[in-house]
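In: Could you work out the structure for the sequence below:
(one chain, ligands or ions: 2)
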Amino acid sequence: MLDRLNFERITPTAAIQRRLHGTRAKCLQRLIRLGMPVPDTVALSIPLVRSIAAGQQPDMKALLEHFGSWPVLSVRASTVEQDWGGPSTVLNIGMNRTNEAFFASRLGADAAKALHLKFIKSYAVDVARLDDEIFDIEDLTVAKALDAYEMETDEAFPEDIEIQLAQVLKSMARAWEGTSARLLRMSKGAPEDAGLGLVVQRMAFGMGKGESGAGVIQFVNSDTGKPQEVGRYKRQSQGRDALSSGEGDALYLTRDKRGPSLQDSQPEVFDALCELGAVARKGLREEMQIEFTVEGGTLHILDAVAAPRSARAEVRIATDLAKDGVISREDAVMRIEPRAIGELLHPQVAGSAKRDVFARGIAASPGAATGKLVFDAMAAQTSASQGEACILVRRETSPEDVRGMHAAKAILTERGGANGHAAVIARGLGLPCVTGATSIDVDTKKRTVTSEDGRVLSEGDVVTLDGSSGQVLAGSVPLVEAGIGGAFRELLGWADAVRDIGVRANADTPEDANVAEMFNAEGIGLCRTEHMFFGEDRLTVLREAVFAEDDTDRAAALSRLLPMQRADFLAMFLIMAPRPVCLRLFDPPLHEFLPSTREGILQLADALDMSAREVQARIEDLSEQNPMLGLRGVRLGITMPEIYEMQARAIFEAAIEASVGGVAVVPEIMIPLVSAKREVELVKSRIDAVAADVMSETGKTVEFRLGVMVETPRAALRAGDIATHASFLSFGTNDMTQMTYGLSRDDAGRFMSDYVNQGVFPEDPFLALDQDGVGELLALASERGRIVREKLTLSVCGEHGGDPESIAFCRSLGMDYVSCSPYRVPIARLAAAQLAI
Ligand code: PEP
Ligand code: MG
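Out: Numbering: from 1, shown residues only. Ligands and ions are numbered 1, 2, ... in the order given. I've put the predicted structure just below:
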């Protein structure tokens with residue numbers, strides 16, 4: 001026999017604890033403390049329920065003592081976190097032939113019979129695990145139901161409440177231990193050994209004489225979070241019956257043109273509910289959904305849970321609670337899961353949508369879009385010009401696809417990883433993207449995509465791409481629109497007030513800079529200037545510069561690029577002023593910029609006045625076995641210095657122009673893919689020379705900050721040396737992860753899921769910073785850099801800059817800011833604030 005202290009009557013002063021008795025028990029105690037009319041309730045602790053599952057029986061007499069004579073009870077699950085689930089509630093325990101007669105006099109014969117019958121059925125299904133079809137009997141009565149039970153089990157239905165309750169407790173405790181229940185709760189984040197508490201409560205009957213019924217009410221709209229009384233109520237019903245009943249038998253809760261409502265027919269009950277709702281909101285510091293019963297016109301509050309809500313509603317609810325002084329602004333900021341607000345920034349697949357999954361890949365950029373399949377950039381542009389939404393499918397993407405990516409609503413690639421070309425561009429554009437969908441087969445000639453199970457979709461077929469889950473769904477499914485409203489902005493404003501690490505945006509074009517500005521980025525931490533060359537006209541000129549065989553030809557091509565670059569930089573400075581803009585000098589993995597199609601080759605041949613064969617030969621000359629480790633970044637700056645000189649000139653001239661009449665614009669110039677101090681020295685001396693030229697030509701002072709991207713392990717190790725020439729270091733953790741692991745950021749998607757599933761990597765290191773390895777290099781470089789230069793500005797500008805855990809790590813190293821795709825800026829602002837609270 002278990003010690004009676006393992007169950008505890010819930011009173012205002014009882015020692016009820018959430019970790020020991022579960023959230024429901026704790027919540028009921030709070031309702032009781034607030035003076036709510038809650039029927040007598042006893043909480044069974046988690047250890048007690050565990051021992052019941054193991055076969056022990058609590059002292060039933062002692063337990064029942066709490067409920068006086070003629071008790072009829074309910075038992076509900078009480079888990080530590082509300083959303084961990086748990087066995088379903090059992091009502092009306094204690095009903096038998098004897099008390100049916102007793103309740104007949106109190107509630108009426110029909111109600112008493114109905115209650116008894118309901119209990120027999122639910123006991124048979126939930127406890128004896130019988131099929132409810134055994135009760136498909138014409139004119140079912142209590143006697144027929146008892147016979148059916150006995151026929152099925154060879155045992156008489158238990159009449160004794162002690163036995164009934166003991167069996168209910170045992171079956172609920174054991175259900176919790178079952179494999180499927182365990183897997184289900186683990187999928188919701190519960191630990192494997194999570195326990196179950198139970199609450200036993202005296203029934204308030206929603207059946208009987210006078211106004212009787214049951215329902216639920218909440219005071220906010222679950223989709224928007226706006227104040228609104230919503231819920232259902234059903235006469236002559238119990239528990240959550242009202243929620244599952246059809247329209248017809250539910251009495252409307254609030255005033256409704258379609259039929260009678262509780263608000264109209266029982267205004268005093270409705271008003272009391274609203275008052276109690278307000279008390280619960282204040283007392284529990286949360287918007288609650290309240291389960292209530294009306295018995296003969298008297299209101300009882302049985303239970304309350306946090307009102308269900310969408311991510312959008314969550315933000316509105318938290319801000320409203322703070323504005324009403326119920327919680328602090330910091331509490332409101334802490335309540336929002338940073339990743340969940342990603343949902344607000346992009347349309348999402350509706351929770352209720354049916355998913356016919358055609359393919360799966362890496363969830364590379366969040367949001368969802370529906371459109372017709374197209375297989376190249378041209379088709380995407382045509383489709384967009386006809387006003388038709390399209391989804392661009394490629395084996396992998398290259399700069400030639402970027403115009404098509406702009407025109408598409410979403411991107412799907414067979415290859416590529418979480419930080420490969422398609423992923424980075426899509427995130428920058430705020431487009432949903434699934435990469436590394438290795439199970440599909442894309443045939444760009446036939447314009448088909450074949451799934452693992454052999455299903456074939458052709459150009460024009462409609463799919464929905466869900467970049468948040470990495471799924472491609474056949475056909476069109478309902479989407480929920482993005483919703484950045486006033487509450488969202490307000491909450492982020494509160495977050496900014498407490499945040500102690502900066503958040504900038506990675507923005508490559510004036511359009512991106514506008515998005516960065518809209519999301520209140522504190523500057524641009526990375527402008528990948530080579531991305532400014534994606535436009536058709538520029539790509540060809542850039543290729544001419546790269547292809548030029550002598551200095552004169554190269555100079556001619558660069559002089560055409562100079563005004564284009566200057567105009568871009570000027571636009572970005574003007575959009576962001578007075579905030580800093582950090583321009584990363586050209587870092588093209590060359591293969592991304594060489595034409596790969598016959599059409600591209602012909603176009604270049606025309607522009608260069610070369611034959612297609614000559615162009616082809618030059619491409620072969622320039623092509624590398626391992627382009628990501630080839631002639632890119634500063635290596636290009638060293639071997640073709642004129643390109644960086646042109647960029648430096650464009651930056652300085654734009655900065656002078658942007659400074660006219662206002663505060664001086666001080667551009668930040670960043671050198672990519674450095675591995676040796678000498679690289680920095682060489683580039684720095686050339687940039688200094690350009691600055692001197694521009695100053696003497698214009699008579700204006702040019703101020704700038706020169707920094708280095710730490711992307712190679714060697715640069716991290718030699719950060720002390722490098723920092724002598726750099727006023728800031730920005731960690732390019734995409735390349736750093738690639739090089740530290742020796743893992744291709746463009747190809748790792750092919751096997752990443754095997755690695756993660758087998759626990760080789762806890763997570764994809766391109767998404768969540770590898771704190772042990774890559775992180776150690778960051779720590780070491782930060783320390784070595786700051787020894788040499790105390791005020792050295794440190795930041796991360798790889799994709800990890802938008803990941804909450806990675807931000808925590810950067811902050812712990814004392815970094816000044818993180819920089820991430822514009823659409824991740826709000827997530828980073830919130831995550832960073834939560835670290836400071
Ligand atoms: C990086 O390598 O982390 C980085 C920001 O540069 P990119 O992604 O352009 O290589
Ligand atoms: Mg890089």
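In: can we go C-alpha only for contacts and neighbour counts from here?
Out: Noted.
In: Low-confidence regions, the protein specifically.
Out: For the chain, the stretches flagged by pLDDT under 70 are 1-5, 245-250, 483, 536.
In: Could you pick out the residues of it near ligand 1 for me?
Out: 711, 732-735, 797-798 (C-alpha under 6 Å from any ligand atom).
In: Would you mind checking the residues you listed for buried ones?
Out: Among the residues of the chain next to ligand 1, those classed as buried by 16 or more other C-alpha atoms under 10 Å are 711, 732-735, 797-798.
In: Now go through those residues and say which are in helices.
Out: Counted as lying in helices by DSSP state H, out of these, are 733-735.
In: what about residue 791, neighbour count?
Out: 11 (other C-alpha atoms under 10 Å).
In: Next up, the contacts around it.
Out: By C-alpha atoms under 8 Å, 6 or more residues apart in numbering, residue 791 lies in contact with residue 727.
In: Secondary structure of it: a strand, I assume?
Out: No - using DSSP: H, G, I helix; E, B strand; the rest coil, the secondary structure at residue 791 is coil, not a strand.
In: Tell me the spacing between it and ligand 1.
Out: 22 Å (C-alpha to the nearest ligand atom, to the nearest Å).
In: give me every residue that touches whichever residue of the stretch 451-600 of the chain sits closest to ligand 1.
Out: Nearest to ligand 1, among the residues of the stretch 451-600 of the chain, is residue 528, at 6.1 Å (C-alpha to the nearest ligand atom). Residues in contact with residue 528 (C-alpha under 8 Å, 6+ apart) are 506-508, 583-587.
In: And residue 216, by the same measure?
Out: Residue 216 touches 231-233, 240, 242-243, 289-292, counting by C-alpha under 8 Å, 6+ apart.
In: where's it, which helix or strand?
Out: Following DSSP states H and E, one finds residue 216 within strand 213-220.
In: List the neighbouring strands of that strand plus their orientation.
Out: Its sheet considered, strand 213-220 pairs with strand 227-235 (antiparallel), strand 288-295 (antiparallel) by DSSP bridges.
In: now those as CSV including mean neighbour count?
Out: Below are the strands paired with strand 213-220 laid out as CSV (neighbours: other C-alpha atoms under 10 Å):
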stretch, mean neighbour count
strand 227-235, 20
strand 288-295, 24
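In: domains in this protein, as residue ranges please.
Out: 4-202, 213-309, 347-480, 499-588+632-836 (automatic domain parsing).
In: Most tightly packed of those?
Out: Counting by mean count of other C-alpha atoms under 10 Å, domain 347-480 has the highest mean neighbour count of the domains of the chain, with a mean of 22.
In: now for the contacts of residue 216, which pair is the farthest apart?
Out: 242 and 289 (13.8 Å; C-alpha to C-alpha).
In: that older thread, closest to residue 366 out of the contacts of residue 216?
Out: Comparing these against residue 366 with C-alpha to C-alpha places residue 289 closest, at 30.4 Å.
In: For the closest one, give me its contacts.
Out: Residue 289 neighbours (C-alpha under 8 Å, 6+ apart): 216-219, 304-308.
In: which among these gets closest to ligand 1?
Out: Comparing those against ligand 1 with C-alpha to the nearest ligand atom places residue 308 closest, at 38.7 Å.
In: Where does that closest one sit: helix, strand or coil?
Out: Judged by three-state DSSP, the three-state class of residue 308 is coil.
In: For residue 218, give the beta-bridge partners.
Out: residue 230, residue 289.
In: Does it touch residue 276 like I think?
Out: No - in this structure residue 218 lies outside contact range of residue 276 using C-alpha atoms under 8 Å: 10.8 Å.
In: ok, now how distant is residue 85 from residue 196?
Out: 10 Å (C-alpha to C-alpha, to the nearest Å).
In: Common neighbours of these two, please.
Out: residue 79.
In: I'd assumed residue 70 was in contact with residue 202.
Out: No - counting by C-alpha under 8 Å, residue 202 sits too far from residue 70 to count as a contact (10.0 Å).
In: quick one on the thing from earlier: for residue 487, find the nearest of the domains of the chain.
Out: Ranking the domains of the chain by their distance to residue 487 (criterion: C-alpha to C-alpha) puts domain 213-309 first, at 10.0 Å.
In: For the buried ones among the residues of the chain next to ligand 1, give me CSV that also has distance to residue 687.
Out: Shown next, in CSV, are those (distance: C-alpha to C-alpha, whole Å):
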residue, distance to residue 687
711, 21
732, 22
733, 25
734, 26
735, 24
797, 22
798, 25
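In: Between the ones in helices among the buried ones among the residues of the chain next to ligand 1, which sits nearest residue 790?
Out: Nearest to residue 790 among these, with distances taken as C-alpha to C-alpha, is residue 733, at 22.5 Å.
In: quick one: the closest one and residue 803 touch, right?
Out: No - Residue 733 sits out of contact with residue 803 when judged by C-alpha under 8 Å, with a separation of 12.0 Å.
In: ok, then the element right after the helix or strand where residue 495 lies?
Out: Assigning secondary structure by DSSP H and E places residue 495 in helix 486-498. Once helix 486-498 ends, the next helix or strand along the chain (criterion: DSSP H and E) is strand 502-506.
In: Need the contact partners of that following strand.
Out: Identification of contacts with strand 502-506 by C-alpha under 8 Å, 6+ apart yields 428, 516, 521-528, 797, 816-822, 825, 828-829.
In: now the angle from the next helix or strand after that strand to strand 502-506?
Out: Remark: after strand 502-506, the chain's next helix or strand is helix 510-518, criterion DSSP H and E. Calculated by axes from the mean of the first three to the mean of the last three C-alpha atoms, to 10 degrees, helix 510-518 forms an angle of 160 degrees with strand 502-506.
In: For helix 510-518, what is the distance to the chain centroid?
Out: 22 Å (C-alpha atoms, centre = their mean, to the nearest Å).
In: Ok, stretch 101-116 next?
Out: On C-alpha atoms, centre = their mean, the centre of stretch 101-116 falls 50 Å from that of its chain.
In: Quick check: end-to-end length of it?
Out: 10 Å.
In: quick one: contacts of it?
Out: For stretch 101-116, the surrounding residues in contact (C-alpha under 8 Å, 6+ apart) are 92, 95-96, 100, 142, 207-209.
In: Please repeat the previous calculation with a cut-off of 7 Å.
Out: Counting contacts by C-alpha atoms under 7 Å, 6 or more residues apart in numbering, the residues outside stretch 101-116 that touch it are 92, 95-96, 100, 207-209.
In: and what of stretch 473-492?
Out: Residues contacting stretch 473-492 (C-alpha under 7 Å, 6+ apart): 312, 315-316, 319, 333, 344-350, 353, 355-358, 370, 462-465, 829-830.
In: Now, those that are in helices?
Out: Of the contacts of stretch 473-492, the ones assigned to helices by DSSP H are 312, 315-316, 319, 333, 344-345, 829-830.
In: Double-check residue 86 against residue 177; I have them as touching.
Out: No - contact criterion C-alpha atoms under 7 Å: residue 86 and residue 177 do not qualify, at 10.0 Å.
In: can I get the contacts of residue 216 in CSV with distance to residue 325?
Out: Formatted as CSV, the contacts of residue 216 follow (distance: C-alpha to C-alpha, whole Å):
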residue, distance to residue 325
231, 26
232, 29
233, 31
240, 32
242, 33
243, 32
289, 20
290, 22
291, 25
292, 27
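In: Check these against ligand 1 and report the nearest one.
Out: Ranked by distance to ligand 1 (C-alpha to the nearest ligand atom), the contacts of residue 216 are led by residue 289 at 45.5 Å.
In: What distance do you get for the closest one to residue 631?
Out: The gap separating residue 289 from residue 631 is 61 Å, by C-alpha to C-alpha.
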